[in-house]
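Colleague: Just a sequence and a predicted model for now, questions to come.
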Amino acid sequence: MIAEIIAVGSEMLTPFRVDTNSLYLTEGLNDLGITVGFKTIVGDSLEHLTGAARNALARADVVIFSGGLGPTEDDMTREAAAGALGIELLADPAILTGLYKRFAERRIAMTPNNVKQADVLDGAEILPNGNGSAPGQMLFTAYEGKERVIILLPGPPKELKLMFTEQVRPRLASRLPARFIARRQVKMALMPESTVDSRTAPIYTQYPDVETTILAHSGEIQLHFECSKATLAEAQERVDEVVSRVEHEMDEDVFSSHGETLEEVVLLMLGMRNMTLAAAESCTGGMLAQRLTSVAGSSRYFLGGAVVYAPELKTTFAGVPEELLEREGTVSEAVSRALAEGIRERTGASIGVGITGVAGPGPGEGLDAGKPAGLVYLAIADELGTEVKELNLGANDRERVRWWSTQHALERVRRRLL
């Protein structure tokens with residue numbers, strides 16, 4: 001079963017307002033086994049709203065409007081829904097009486113434009129508004145020979161959430177066939193999206209009842225799998241089957257299949273091996289430590305480290321020889337090695353990480369004059385020795401260089417622990 005959410009309001013077509021109601025509605029619909037196939041934002045135009053309503057009715061089983069139910073001239077959701085369905089709006093006496101009473105209790109004169117809030121789609125159920133004046137509406141009807149559910153909800157989140165939870169959700173649950181959605185995701189770090197897809201598409205395309213989405217972001221590829229069935233067990237079994245086959249294909253490239261972050265996985269692996277980690281960070285400025293310490297319980301396995309931005313602090317806190325810095329510069333394979341080994345020795349950690357580089361956007365200065373932005377050296381030191389990797393992360397974005405450096409560090413530690 002497919003739903004479409006239509007967010008109404010010209011303010012959401014500017015850079016200053018964001019539609020957040022659709023996120024809440026999507027979660028609520030998914031809990032009922034209803035998949036959101038479309039989200040549309042429409043300005044305060046009767047023509048555009050009516051067109052959006054017709055499009056939604058043609059392709060979705062459930063159509064939910066949020067917003068446009070107030071008393072002003074630009075509140076036209078009721079009129080648009082009626083026009084798309086080809087039905088009348090009827091003034092409801094009980095709603096009208098309630099509006100007059102509401103204003104009277106507040107000792108405010110009700111202006112004539114408020115009367116439109118009493119207009120109801122012919123045949124619709126009225127949804128009382130516990131936090132405002134504009135009631136919602138819900139209509140089960142046929143549109144071009146297909147069963148449809150049309151729901152009109154107010155725009156203010158406080159009003160919409162209460163109305164959906166207490167009134168819409170139970171009505172949908174009682175009228176629609178039971179469906180359940182199961183989800184899983186598989187995560188891989190530092191792999192091209194095209195490589196992941198070329199290896200996994202032959203698997204997931206064999207499951208037309210499982211929707212697959214590939215997301216690439218900040219050094220991580222995510223494969224999202226979603227399936228809707230009559231029972232949760234059926235849906236979960238189907239999704240688990242796809243994930244199992246993808247995990248087998250991708251093998252050690254997969255770092256998570258239950259939603260864990262890369263830092264959570266690294267800390268879990270350290271804990272399973274009764275090992276600890278410390279880091280000496282230069283260009284990343286403590287970002288690796290921040291990512292690790294964002295995980296609850298990280299203090300058991302992450303000892304800490306040092307932000308050694310200035311050359312003299314590399315010597316003071318990580319024991320990097322001054323002559324090495326003068327000879328090689330601060331951004332070099334030898335210095336990253338010394339940082340990893342030095343911080344490991346000084347903290348007593350099982351694993352030491354050393355990161356040094358030119359974050360950019362300009363080239364290196366001083367001891368590193370001429371070295372390009374994005375050049376980073378990453379070292380991992382443990383009882384088996386020290387591994388150093390040179391990274392060339394580009395010069396266009398300082399924050400990208402810092403983030404990707406920590407992503408490489410976490411992934412290299414994970415691989416080392418394997």
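Modeller: Looks like it arrived, so ask away.
Colleague: From here on, just use CA atoms for contacts and neighbour counts.
Modeller: OK.
Colleague: can you give me the helices for the stretch 101-250 of the chain?
Modeller: Chain-ordered helices for the stretch 101-250 of the chain, with DSSP state H, counting those that start in this stretch as the definition, fall at 157-163, 169-175, 193-204, 232-250.
Colleague: Need the ones you listed in a markdown table (columns: mean neighbour count and distance to residue 104).
Modeller: Conversion of the helices of the stretch 101-250 of the chain to a markdown table gives the following (neighbours: other Cα atoms under 10 Å; distance: least, Cα to Cα, whole Å):
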| stretch | mean neighbour count | distance to residue 104 |
| --- | --- | --- |
| helix 157-163 | 18 | 21 |
| helix 169-175 | 13 | 32 |
| helix 193-204 | 14 | 61 |
| helix 232-250 | 17 | 50 |
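Colleague: can you tell which of these is closest to residue 186?
Modeller: Ranking the helices of the stretch 101-250 of the chain by proximity to residue 186 (Cα to Cα) places helix 232-250 first, at 7.1 Å.
Colleague: quick one: buried residues of the helix or strand in which residue 50 is found?
Modeller: Element membership of residue 50, judged by DSSP states H and E, is helix 46-59. Neighbour counts over helix 46-59 (16 or more other Cα atoms under 10 Å) mark 46, 49-54, 56-57, 59 as buried.
Colleague: What pLDDT does the model give the residue of the chain most remote from its centre?
Modeller: Outermost residue of the chain with respect to the C-alpha centroid, by Cα atoms, centre = their mean, is residue 323; its distance is 47.1 Å. Looking at residue 323, its pLDDT reads 97.
Colleague: could you check the distance from residue 229 over to residue 257?
Modeller: 21 Å (Cα to Cα, to the nearest Å).
Colleague: before we move on, what about residue 203?
Modeller: Taking Cα to Cα as the criterion, residue 203 is separated from residue 257 by 16 Å.
Colleague: hmm, back to that, mind checking which of the helices of the stretch 101-250 of the chain is nearest residue 182?
Modeller: Minimum separation from residue 182 across those (Cα to Cα) falls at helix 232-250, 5.1 Å.
Colleague: Now the terminal residues of stretch 348-360, how far apart.
Modeller: Length of stretch 348-360, first residue to last, Cα to Cα: 32 Å.
Colleague: ugh, typo on my part, it should be stretch 378-393
Modeller: First-to-last residue span, stretch 378-393, Cα to Cα: 12 Å.
Colleague: Repeat that for stretch 368-384.
Modeller: For stretch 368-384, the separation between the terminal residues is 30 Å (Cα to Cα).
Colleague: on that earlier part again, make a markdown table out of the buried residues of helix 46-59 and add pLDDT and distance to residue 312.
Modeller: Rendered in a markdown table, the data for these read as follows (pLDDT from 0 to 100; distance: Cα to Cα, whole Å):
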| residue | pLDDT | distance to residue 312 |
| --- | --- | --- |
| 46 | 97 | 67 |
| 49 | 98 | 64 |
| 50 | 98 | 68 |
| 51 | 98 | 67 |
| 52 | 98 | 64 |
| 53 | 98 | 66 |
| 54 | 98 | 68 |
| 56 | 98 | 64 |
| 57 | 98 | 68 |
| 59 | 97 | 65 |
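Colleague: No further queries at this time; thank you.
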